[in-house]
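J.: Quick one: sequence plus predicted model below, questions after.
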Amino acid sequence: MPPKVDTEEKWKTLLEGFRSVYQDFKKEKTHVNLSYEAYMNILLVVHELCASGTAAVQRPVSSTSTEGKGARLGGKELYTSVDDFLHKRCEEIMAGTGSLKGQDLLAYFSNQWEMYVVSSRVLNNQCNYLNRFWVKKERDEGSNLVHNVYELTLVVWKETMFKSMKDQVVTAALGLIEKERQGESINTRLVSGVKDCFVQLGLKHEEASIINTLCVYKEAFETKFLEQTEQFYLRETQEFLANNTATEYLKKVETRLEEENNRVQLYLHESTKEALARKCEDVMISRHLPLLHGEFKGLLEEDREADLKRLYGLLKRVDGGLDPLRAQLEQHITAHGLSAVEKTMSADAENYKGYVDTLLAVHKKFAQLVQNAFANDATFVASLDKACRKFVNENVVTENGKKSARSPEMLAKCCDFYLKGNAKSEEEELDSVLNDMMIVFKYIQDKDVFQKFYSKMLAKRLVHFTSASEDAEGTMITKLKTACGYEYTTKLHRMFTDIGVSKGINTNFKKHLESSSALPCDFSVLVLTNGSWPFQSGQQMTLPTELSRCLDRFTTFYTQMHQGRKLTWLFQISKGELLTNFTKKPFQLISSTIQMVILLQFNEQSSFTLDDLAARTSTTPDYLATQLDVLVKMKLLDLADDKYSVNLGYRYKKMRVKIDVPIKSEQKAESEETHKTVEEDRNMVIQACIVRIMKMRKQLKHTLLIDQAIAQLKDRFEPSISSIKKSIDILIEKDYLCRHEGSRDEYDYVA
């Protein structure tokens, strides 16, 4: 049998202890002013009452009849008594509000809540035995009306203080927030106290556990707060726009959004952050999209990067806010690029360096803008790329796309300029220049045209040893391979291989000469693999004895080493040096093969007519006349009475004279020939592509075949539909394809 307990006396002790817990506070309100002895005494009384088998606990408010015996009955009576005490305490607090309003009411409510919470935690600890045994047993048996003591304190506060004062408190809190929005300084702890109270009151039982659903905070405070926010900013935006510019409005909105974000961090619940942001964005941004979109073009034209960044940051917050900006940006960059190119090329249509520099300058300017103002947004980068692709391939130089191959030709010439070392750049600077070249290359539509011109110019640099750096040449080829694949640069790699092999051949040839009779001059050869180099057999001619002996000796040497191989001499790209013996001081003349052949004729005779020289050199008079004109302009030869003779009074400021200067007519013809070769190669590439597609698909409709061919070839060049149709007809004639029986727009692959 449990010991008998003097319940009336014990309850008096307990009641005094509870009152001390809820009334005796120190100034900082962090804990109650309760002695250790008093605290332990309350713990002991709670334990005794719960463990007692007494039939009833006499409460000061009303008497309760006996309902049973043992610990369970004692726990129930104690729990009910605590509930009654808490209701009386909340009624006392509510009575203290009196006629308080506004901030005073808010201050009283927040202070009382803080003290109530601290006291309730102490009370909960003192009733720990009650929670662990009686409350737990009731909860386990399915009672949803029983709570642990701390939760009971919140339930009582919600039933009394919250229910009676929530409207007044919320109104006061919202009034304080509006004052802060208007620029006044407020005590944010008052609003924060209301928030803490409403958050803790959102308790809900679920499967023997208690969770906080924020329902009280959301329903009682957040909903009204968001409504007030909407009304406040509707008024403010209307008034502000009536008296300020759109750019000033952007700054205002940016500031307000930052303030609202800080407001959440200071005294609102974090769950409000997203809802508040959406509400502000709707009122201040979404409802003014036409105005903000209309401002974008002007900001672009005036290069106002800071304002563009601000506009982007605001519009990206709302769905669809950035869509019109991307299109406007693309149009602006395109127009700017076309204008810049036209201005640069108006003075000199062949100014390839100025052309490429202009393209790069436009790209650099707007790439920096996209990075700084639009945070390198992928969609804005795509707009930049589209715009660059347009003004690179469709401008005044390309005649608005009719001659799109002009851009890759100009780029190849610019690469040739830098790789020859004309800019006198350091190795690191040259690498940076090549990176710039690759930027333009990225936007080139006809990459096969660039490949043709670049390979020809690379071949000349390698053959004439005019490359500024072998490392730079290798770096550029690596960049092209990375961009377009191994096949794109296969022939370029083979050229370098041939140069290396030729060095070994020349070394062996010199050793061969040392063991036999020497040649009348220094002589070296580059042996180039047919098909790997973009050279064709050019003008053939009869060589003077001095040169023919060298060719014959090397031919004999090479054919003995490599039986079955045939050498074809490419005189049009060969060079040599001549020494003048007729001048007071000797000059070294760097000349082409035909120039050497012409000048060496004058060792045997003082003057020649055009026909005489044509007969002696076995060349056509037209071709020879062009070369003779160059020598006359260089003042090496004199022309009098249709006869050419050596200018014995030749003078020049330098000892080494480069007389092998490019002839514009030949350069133009070479360019046209390259373009013609590109067209021929394209036809073969298109046919090969169609065969690959049909071999895989076996049967395909006409439109699908054209679409797939364009998709596969677009990274190399943009094939026209007419050229694809023509290739299909050729393949049908060659029996690679046939029309499907019973269908004119469908093809079958012929195995």
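T.: Received, thanks.
J.: The closest residue in space to residue 602 that isn't next to it in sequence and residue 548, how far apart?
T.: Spatial nearest neighbour of residue 602, excluding adjacent residues (C-beta to C-beta, 6 or more residues apart in numbering): residue 646 at 5.0 Å. C-beta here means a position set from N, CA and C on the backbone, and glycine is covered the same way. Distance, residue 646 to residue 548, using C-beta to C-beta, to the nearest Å: 22 Å.
J.: ok, the residue nearest to residue 602 - how many residues close by?
T.: By the measure other C-beta atoms under 10 Å, the count of residues near residue 646 is 18.
J.: Could you pull up phi and psi at it?
T.: Residue 646 adopts backbone torsions of phi -70, psi 140, taken as degrees, to the nearest 10.
J.: residues touching residue 237, list them.
T.: 249, 283-284, 287-288 (C-beta atoms under 8 Å, 6 or more residues apart in numbering).
J.: what about 10 Å?
T.: For residue 237, the contact set (C-beta atoms under 10 Å, 6 or more residues apart in numbering) comprises 249, 252-253, 256, 283-285, 287-288.
J.: so residue 51 sits right up against residue 10, yeah?
T.: No - here residue 51 lies out of contact with residue 10, judged by C-beta atoms under 10 Å, at a distance of 11.7 Å.
J.: Looking at these two, which is more packed in?
T.: Neighbour count, other C-beta under 10 Å: between residue 51 and residue 10, residue 10 has more, with 20 against 16.
J.: Tell me the spacing between residue 408 and residue 453.
T.: As judged by C-beta to C-beta, residue 408 and residue 453 stand 7 Å apart.
J.: tell me, what's touching these two both at once?
T.: Shared contacts of residue 408 and residue 453 (C-beta under 10 Å, 6+ apart): residue 678.
J.: the more surrounded of these two?
T.: More crowded of residue 408 and residue 453, by other C-beta under 10 Å: residue 408, with 27 against 24.
J.: what number of residues lie near the closest residue to that one other than its chain neighbours?
T.: Using C-beta to C-beta, 6+ apart and skipping residues adjacent in sequence, the residue nearest residue 408 is residue 450, 3.5 Å away. Per other C-beta under 10 Å, the neighbour tally for residue 450 reads 26.
J.: so after the host helix or strand of residue 450, what's the next helix or strand?
T.: Here residue 450 sits within helix 447-464, counting by DSSP states H and E. Downstream of helix 447-464, the first helix or strand assigned by DSSP H and E is helix 470-484.
J.: same for that next one, what does it pack against?
T.: Helix 470-484 is packed against helix 406-419, helix 427-443, helix 447-464, helix 490-514, with contacts defined by 3 or more C-beta pairs under 10 Å, 6 or more residues apart in numbering; DSSP states H and E.
J.: and those helices, which is most packed in?
T.: Using mean count of other C-beta atoms under 10 Å, the stretch among the helices and strands packed on helix 470-484 with the largest mean neighbour count is helix 406-419, at a mean of 23.
J.: residue ranges with poor pLDDT in the protein?
T.: In the predicted model of the chain, residues 1-7, 24-34, 52-74, 203-212, 400-402, 423-427, 664-666, 751 satisfy pLDDT under 70.
J.: same thing but at 50, please
T.: Scanning the chain for pLDDT under 50 picks out 1-4, 26-29, 53-73, 207-208.
J.: Okay, helices next: where are they in the stretch 1-150 of the chain?
T.: All helices of the stretch 1-150 of the chain, identified by DSSP state H, counting those that start in this stretch, fall at 7-23, 36-51, 70-95, 102-126, 128-130, 136-140, 149-157.
J.: Quick check: buried residues in the fifth one?
T.: Applying a neighbour-count criterion of 16 or more other C-beta atoms under 10 Å, one finds 129-130 buried in helix 128-130.
J.: hmm, who's touching it?
T.: If you take C-beta under 10 Å, 6+ apart as the criterion, helix 128-130 is touched by 43-44, 46-51, 71, 74-76, 78-79, 82, 124, 135-136, 148-149.
J.: how about a cut-off of 7 Å?
T.: 46-47, 50, 75, 78-79, 149 (C-beta atoms under 7 Å, 6 or more residues apart in numbering).
J.: Longest helix in the protein, by number of residues?
T.: Secondary structure of the chain read by DSSP state H shows that its longest helix is helix 664-697.
J.: gap between the following helix or strand past it and the chain center?
T.: Next helix or strand after helix 664-697 toward the C-terminus (DSSP H and E): strand 699-701. The chain centroid and the centroid of strand 699-701 are separated by 39 Å under C-alpha atoms, centre = their mean, to the nearest Å.
J.: Would you mark the buried spots in strand 699-701?
T.: Buried residues in strand 699-701, counted by 16+ other C-beta under 10 Å: residue 700.
J.: What's the local residue count around residue 724?
T.: For residue 724, the neighbour count with other C-beta under 10 Å is 21.
J.: unless I'm mixing things up, it is touching residue 709, no?
T.: Yes - with contact defined as C-beta atoms under 7 Å, residue 724 counts as touching residue 709 (5.3 Å).
J.: which neighbours do these two share?
T.: Counting by C-beta under 7 Å, 6+ apart, the residues touching both residue 724 and residue 709 are residue 686.
J.: ok so, going back, in a markdown table: the helices and strands packed on helix 470-484, plus distance to residue 675.
T.: Listed next are the helices and strands packed on helix 470-484 as a markdown table, based on distance: least, C-beta to C-beta, whole Å:
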| stretch | distance to residue 675 |
| --- | --- |
| helix 406-419 | 8 |
| helix 427-443 | 18 |
| helix 447-464 | 7 |
| helix 490-514 | 18 |
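J.: who wins for proximity to residue 157 among those?
T.: Nearest to residue 157, of all these, is helix 427-443, at 67.6 Å by C-beta to C-beta.
J.: Just say which of the helices of the stretch 1-150 of the chain is most tucked in.
T.: Mean neighbour counts for those (mean count of other C-beta under 10 Å) peak at helix 149-157, with a mean of 21.
J.: what angle separates it from helix 36-51?
T.: If you take axes from the mean of the first three to the mean of the last three C-alpha atoms, to 10 degrees, helix 149-157 sits at 90 degrees to helix 36-51.
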